[in-house]
Structures are given as C-alpha cells and as structure tokens.
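Chemist: quick one, fold the following:
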Amino acid sequence: MRVFVTGASGHLGSAVVPELLSAGHDVVGLARSDASAAAIEKSGARAHRGDLSDLDVLREQAAASDGVIHLAFRHDLMINGDLAGAAAVDLDALKALADGLAGSGKPLVGTGGTAMLVMGGIVGRPGTERDTFSAGGYRIDAENFVAALASREVRSSIVRLAPTVHSALDHYGFIAMIIAAARRHGYAAYVGDGANRWPAVHTLDAAKLYRLALEKAPAGVRLHGAADEGVPFQQIATAIGRNLDLPVRSISADEANDHFGFLGTFVQMDNPTSSAITRELLGWVPSHPGLIADLDEGHYFRA
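Modeler: Numbers count the residues shown, from 1 in each chain. You can find the predicted model right below:
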C-alpha cells in the first residue's frame, strides 16, 4: 500500500514510518524542511516537500496514495496559546486530504486526543470509544469531520491519543515539558492530592495502532491510543522527583500555571481512558513499558 503520512519526521511519525515500512508498505512523508526530508529519507521512505498550509499538495498526494495517516499538527500555535488557530489549520488540512480520497474507499487515519473526553463532559468514569460529541470545539470538529467521511466513501478512523505518548523518541512532549519544569523550579510538582489520572501510551505501541487502523479499521470509528488507562499524576511527579533526585511537592491550582506554564490546566485533568473496544476491534496488544516503568528507564533524564 502506498501511504502518505503527514508529520512523518516528528516524534510519532519517526515510529509510524518504520512500522509501516516493516509491514511492507511504501511510504511518502510530507516534509516541511530539508532537515525533515533528510530524516524521512534516512528511514527508508520518500519525502515530498510541503506543509499543512499547502492544501493542493495534500489533496494531490492523498489522491495518489492508497491511504493516508495524518499526524502533523501546529503544536507551535498550541503552545503559544492559539488553540483555535492550530485547530483551524488541522481541519483545513483534513478537508484537503478528504477531497483527495473521496469516493475511493481508501483509508484515512486522523489524530485526536483523549483530553477531548474531559472537554466533552466525560467525568467520573473512564471514557470509551463510544463517547462522541455533537457540540463542536477544539479538535472535536476535526474528529467529527473524520468520522463523517464514511458517508463520502472514505474508510476513515480517528485515533484519540493519550496526552502522554512516551519513549526515548519523545524529546518535546508533555512529559519532557513537565520534567523541564521540575528542573527549572527545583522540585517535581502535582496539584492538590495528585489523584487525577492521565492515560499514557508508549510511542511504539501507538505506531502499531496507527498501522492496524490503516489496514483494517472500519469506516467512521474512534480508537483509543491508551495503554495505561490512568496513572495518578502524583505518581508521575514522584517518578520524576526520584529520577532527578529532587523533592516532590503538592501545589495549589493557583500555582499550577506558574510552575507548568501552558500545561497548568492539563496537569489537573482527570482523564481515565479505556481502550478495550480498540483492543478487541483491531487486536491491538500494547507490549512496551508503561509510563512509570519508562520514566524509570532513565532516558528522559539524561543530559
């Protein structure tokens, strides 16, 4: 299968591309720079220059492919607080990719986040793949758009990723940012009693899930990239403190933004997430270390 991958040189893409190649697929990755193109080609895939604003490129590459995996996202806009701008770019890119695939029956795998479950009002229980939202909002519009592509004869699916996609490949994700905050302040922190839970998934397990979704996910489904259903944030902070040899402290909600920056709201999120339906539907069996075990391997803390 000729697969077009956006975000092919990023954290997750650097695992998804080898996963696809090892399964015998031919991969073309979107490259927004010479460095990205070199990284893609070094992996054994082919690079095509462009970025998420090049809608004609997205449309043409989707039409020329047997399937698409959409991983790219304007994280720079998100980090700078422009959530609406990042979401708008993502939705426009998805519309262009969909135009290239419409009527073909080919797969399109999009990317969302389990945090949308909390934003959509799922509290007090693990969110499931059956939880959907009629009201729009940050990334929810994109998820609903992808799911609805089944009506346009696209075998579409959406992977809701845990906020912590962790491994030695992760250098700029949320865990790396939380570790940087601990180093900067001289202690690892959690908010309140730290009982709020974060789901997590190893990068290599997530990569396998994307391949399985491409190959056999039914049209219109939501899938959950969550191997750890919910790790109490106090345990995450404790593991970080242990590995940095720093104290671990509880802080107030008012102090969270000062300590964690733009993650101040996210670190308070209680987001337990079940992936039982995904595992049964696709035969996905996560096999790599969970979040705490991965932290204790030490790679996040090496200079």
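Chemist: what count of nearby residues applies to G136?
Modeler: By other Cβ atoms under 10 Å, 13 other residues sit near G136. The way it works is simple: take the backbone N, C-alpha and C, and place the C-beta from them, glycine included.
Chemist: in contact with it, which residues?
Modeler: N144 (Cβ atoms under 8 Å, 6 or more residues apart in numbering).
Chemist: and it, that's in a helix?
Modeler: No. Applying DSSP: H, G, I helix; E, B strand; the rest coil, one finds G136 to be coil, outside a helix.
Chemist: tell me how far it lies from N144.
Modeler: Distance, G136 to N144, by Cβ to Cβ, to the nearest Å: 7 Å.
Chemist: after the lowest-mean-pLDDT helix or strand in the chain, which helix or strand is next?
Modeler: Least confident element among the helices and strands of the chain, by mean pLDDT, DSSP states H and E: helix 75-79 (a mean of 70). On the C-terminal side of helix 75-79, the closest following helix or strand by DSSP states H and E is helix 83-101.
Chemist: so how far is the helix or strand just after that following helix off the chain centroid?
Modeler: Per DSSP H and E, the first helix or strand lying C-terminal to helix 83-101 is strand 107-113. In terms of Cα atoms, centre = their mean, to the nearest Å, the centre of strand 107-113 is found 9 Å from the chain centre.
Chemist: who does strand 107-113 pair up with?
Modeler: strand 67-70 (parallel), strand 155-161 (parallel) (DSSP bridges).
Chemist: got those strands as CSV, with mean neighbour count columns?
Modeler: What follows is those, written out as CSV (neighbours: other Cβ atoms under 10 Å):
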stretch, mean neighbour count
strand 67-70, 27
strand 155-161, 27
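Chemist: reformat the ones you listed as a markdown table; add distance to P126.
Modeler: A markdown table is the format used below for the strands paired with strand 107-113 (distance: least, Cβ to Cβ, whole Å):
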| stretch | distance to P126 |
| --- | --- |
| strand 67-70 | 26 |
| strand 155-161 | 12 |
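Chemist: any chance of these in a markdown table, plus mean pLDDT?
Modeler: What follows is these, written out as a markdown table (pLDDT from 0 to 100):
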| stretch | mean pLDDT |
| --- | --- |
| strand 67-70 | 98 |
| strand 155-161 | 98 |
